[in-house]
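Student: Have a look at this fold, sequence not included:
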């Protein structure tokens, strides 16, 4: 590859967020080295810095899954085409997007293999083997895996042909138990999104037209990005007995009758990394909530030419002190100007910067700069780790509060369609409006305003009439333009 | 699926190990629910218990990689066919085994995509973009991923069409540095295999004919399974500049000249789960070293009909006590006979069983049974967690020592070909013999005895003459029949 092409790989300046949110996002992803384009159309490379964010998100979810009794397993990447076809809605939903393996080991395959777009079909097939009696239930399995869905338009993290995700697949004795699981996972998703990623979300049910192909009901968590578009951040499906019937997953019930199990499935993906970027970032780059920041603190030594002798030893000592306290910290020892280093780490969104120079050492203090508020304060070296931990907690909280305030300021309740359209054309965000439940109204609204129903939170009786058709409303729907 | 097929999924009795090692292995894998066959030829399902073992192995390696400065990333599953063809030996080695995606998103693809059998090609392409100067080096990236190699004969964990692994890919300024990395990883692999999996290994270099397709040199760790066959448990390759030249990965060196980087790659896979089974198991089933045991301790309450009232509360208390001490523990509350539970957990290889009945409670003690030696001892409840932890350490050590003794007893040094053949026909194991370095001799030995050179440990001058041709020996090679 010629060197000028190499240079293209580097974005030198970041487009201001206010000028072009979409370019800003792509610039950050490249420049902060979260991801890069690959030679495979629609597939990205997740670079170490981006992958480290994903690992932290992943660990947080994995711990919660395990706490709630789930176990991990691994099912094959390939699904024989005939299995995918067993559940009618499922195949209709996914067939247009799948990739087929037709040749392998030097031969044409007798039956084409689908590269999994999701694993209900293969997992259902195994559950039919494993489940015999009510004593085998519930089955609470999760899988961390890659999946492939052929996409026409892709964007790093948000929509890629291959992506990483977890998919939970559970089987239960009763509909009630399956519904309870579906909603428990929805709550779990919301909790991790809000407490770990500092990303406020709306929990609710999807409309018929937006539900998972083959599900009875789909619930989602929806977040609002910095440009006022919604991001579907996780989905939890009550599959009813659809897959159980298609894959003949039966069990002998407590009353000795043979019944089909009740299923759920649920997933979050690497798309969440994009959600973090678009929730918190600013013109200077990324802002990472401490709980998902690969480095929570960067130490930058300040000083004259001889800083390696005068400042570095103390900086190393502080690094050691913070590390021992369980803080993820890096020390930037490169031979660059401090100002250059500041911008670099701001761009990478490190929550706290610790500056240390000869004068700080004299005072036995350091200067700490927050990425979120840009406030600086001098902190005594004595007891530094404790103070840093408190600051990190405060950054985490501040980012969440800021995002929630933004979300609330960009959420409006409307009662007429005129108002609805006006809001959608102007300042984007969520618009809450009563809806009659008709797929036609939903489609017309989408056509006319680009807004879709993101979800419908549980709430009291909606009252009023549908924003589009004046029939009685069945729910208050949260509309938005979305990713 | 009809119910009789469901029944087939369950193995009721385990074939004795001494009777038929291969059947014994398959029985354990199924019966202990480590893995199951899937509807996709050659692909297995890793069930939760097997996956939990893999997770522990994975975490141990991942921690070591990170300690030695490596970072994780993720590269695409698909590789455009043309990229795979860039390195001549590499494509020759892998082309016969690859699976091709030819259709996706409802269309025939312009260029076929290979499902990665390994990722040198795609990662090399990215490194060419990322690396410009010696300042960008070394690059120390690891990836946890699934790979696909079309296999004719498969066996759960040991050889499957799809498997999970980690693949490290590094780039360096000099050959020396790359060689140092290759050997450092080899040592790291050996350390984790021996200390975590309690599986003794021989470290050494592969012969030309057994090296990785495209590498300069391949090193491996080789373990001896309970039937005297060797298992290649991990490989570390010095790629030289082969891939750098094929993918044009260049950098401006310290002296301003433009040079190709020096590469390494290395991997361990889910095959290691099979290695654990075949190193430690016995006629009663699996024996798991504590460090890779999903449950290190199982508590079985003993008692009359009213055990739920009389014994269970104390059992739960002990569970809590052990869990707080960081011990992975489960409590078997099922309504089954204790004897049935004992066999079940023996089969699953849980290192320690804690029995607790009314009489134990009176004495404020429990009965602890070791899975490895079957010794039983009464331990006071007071300070139990500490004693259990010591016992677990002892089980870990004992399993390693036992496996090393077995390996040593099944390793023989021979100096004539007659002796070599005799050993190979009789009691299998490693045979150490001088070898001239010729691929012909190696092939003839394989033809005549089925034994291959597993690897050649670093040692002093070998002395003597080749076991097969009487030419001067260049190395002492460790031969064995292998998986």
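Tutor: Great, that's in hand. Just so you know, these numbers come straight off a predicted model, no measurement behind them.

Student: Tell me, how many residues neighbour residue A:318?
Tutor: For residue A:318, the neighbour count with other Cβ atoms under 10 Å in any protein chain shown is 22. For every residue, glycine as well, the C-beta is placed using N, CA and C.

Student: and the gap between it and chain B?
Tutor: 21 Å (Cβ to the nearest Cβ, to the nearest Å).

Student: residues in contact with the one residue sitting closest to the centre of chain A?
Tutor: Centroid-nearest residue in chain A, with Cα atoms, centre = their mean: residue A:272, separated by 1.7 Å. Applying Cβ atoms under 8 Å, 6 or more residues apart in numbering or on different chains, we find residue A:272 in contact with A:54, A:57, A:157, A:193, A:197, A:233-234.

Student: Now neighbour count too, for the residues you listed, in JSON lines please.
Tutor: Shown next, in JSON lines, are the contacts of residue A:272 (neighbours: other Cβ atoms under 10 Å in any protein chain shown):
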{"residue": "A:54", "neighbour count": "23"}
{"residue": "A:57", "neighbour count": "23"}
{"residue": "A:157", "neighbour count": "27"}
{"residue": "A:193", "neighbour count": "28"}
{"residue": "A:197", "neighbour count": "29"}
{"residue": "A:233", "neighbour count": "25"}
{"residue": "A:234", "neighbour count": "29"}
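
Student: circling back: check what pLDDT the residue nearest to the centre of chain A gets.
Tutor: pLDDT, residue A:272: 98.

Student: restrict the contacts of residue A:272 to contacts with chain B.
Tutor: With Cβ under 8 Å from any Cβ of the partner chain as the criterion, the members of these in contact with chain B are residue A:54.

Student: From the contacts of residue A:272, which land in helices?
Tutor: A:54, A:57, A:193 (DSSP state H).

Student: how about the nearest residue to residue A:174 once chain neighbours are set aside, phi and psi?
Tutor: Among residues not flanking residue A:174 along the chain, residue A:262 sits closest, at 6.1 Å (Cβ to Cβ, 6 or more residues apart in numbering or on different chains). Dihedral pair for residue A:262: phi -110, psi 130, per degrees, to the nearest 10.

Student: check contacts around residue A:262.
Tutor: Contacts of residue A:262 were listed using Cβ under 8 Å, 6+ apart, and they are A:171-175, A:177-178, A:238-241, A:244.

Student: how about TSV for these, with pLDDT added?
Tutor: Listed next are the contacts of residue A:262 as TSV, based on pLDDT from 0 to 100:
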residue	pLDDT
A:171	98
A:172	98
A:173	98
A:174	98
A:175	98
A:177	98
A:178	98
A:238	98
A:239	97
A:240	97
A:241	97
A:244	97
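
Student: Now that you've got these, can you turn the buried subset into something I can paste into PyMOL?
Tutor: Buried members of the contacts of residue A:262, defined by 16 or more other Cβ atoms under 10 Å in any protein chain shown, are picked up in PyMOL with:
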select buried, chain A and resi 171+172+173+177+178+238+239+240+241+244
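
Student: sorry, back to before: check the contacts of residue A:272 against residue B:324 and report the nearest one.
Tutor: The shortest approach to residue B:324 among the contacts of residue A:272 belongs to residue A:57, at 27.8 Å (Cβ to Cβ).

Student: And the pLDDT for that closest one?
Tutor: Here the pLDDT value assigned to residue A:57 is 98.

Student: how far away is it from chain B?
Tutor: Taken as Cβ to the nearest Cβ, the spacing of residue A:57 relative to chain B amounts to 13 Å.

Student: quick one on the thing from earlier: which one among the contacts of residue A:272 gets closest to chain B?
Tutor: Proximity of those to chain B (Cβ to the nearest Cβ) peaks at residue A:54, which lies at 7.9 Å.

Student: So that closest one sits against residue A:47, correct?
Tutor: No - the criterion here is Cβ atoms under 8 Å, and residue A:54 misses it with residue A:47 at 10.6 Å.

Student: Find the residue closest to residue A:245 in space, skipping its chain neighbours.
Tutor: residue A:260 (5.6 Å).

Student: Helix or strand next in line after the least confident helix or strand in chain A by mean pLDDT, which one?
Tutor: Of all helical and strand segments in chain A, the minimum by mean pLDDT, DSSP states H and E falls on helix A:3-8, at a mean of 41. Counting by DSSP states H and E, the next helix or strand C-terminal to helix A:3-8 is helix A:21-31.

Student: What is the distance between that next one and the centre of its chain?
Tutor: What separates the centre of helix A:21-31 from the centre of its chain is 17 Å, taken as Cα atoms, centre = their mean, to the nearest Å.

Student: Would you mark the buried spots in it?
Tutor: A:21, A:24-31.

Student: nearest to chain B, of these?
Tutor: Distances from chain B to the buried residues of helix A:21-31, taken by Cβ to the nearest Cβ, are shortest for residue A:30, at 11.2 Å.

Student: pLDDT weak spots in chain A?
Tutor: Residue ranges of chain A with pLDDT under 70: A:1-12, A:460-461.

Student: per the record, what domains does it have?
Tutor: A:14-280, A:295-393, A:411-480 (automatic domain parsing).

Student: Quick one: end-to-end distance for the longest one.
Tutor: Start to finish, the residues bounding domain A:14-280 are 15 Å apart (Cα to Cα, to the nearest Å).

Student: in chain A, which helix has the most residues?
Tutor: Using DSSP H, we find that the single longest helix of chain A is helix A:384-409.

Student: buried residues in that one?
Tutor: A:384-385, A:387-389, A:391-392, A:395-396, A:398-400, A:402-404, A:406-407.

Student: Please apply the same query to stretch A:39-53.
Tutor: A:39-53.

Student: Return the two entries of these that lie farthest from one another.
Tutor: That would be A:41 and A:52, which, of the buried residues of stretch A:39-53, are the farthest apart (Cβ to Cβ) at 26.1 Å.

Student: Which residues of the stretch 201-350 of chain A lie near chain B?
Tutor: Proximity of the stretch 201-350 of chain A to chain B is confined to residue A:248 under the rule Cβ under 8 Å from any Cβ.

Student: Kind regards, and thank you for your time.
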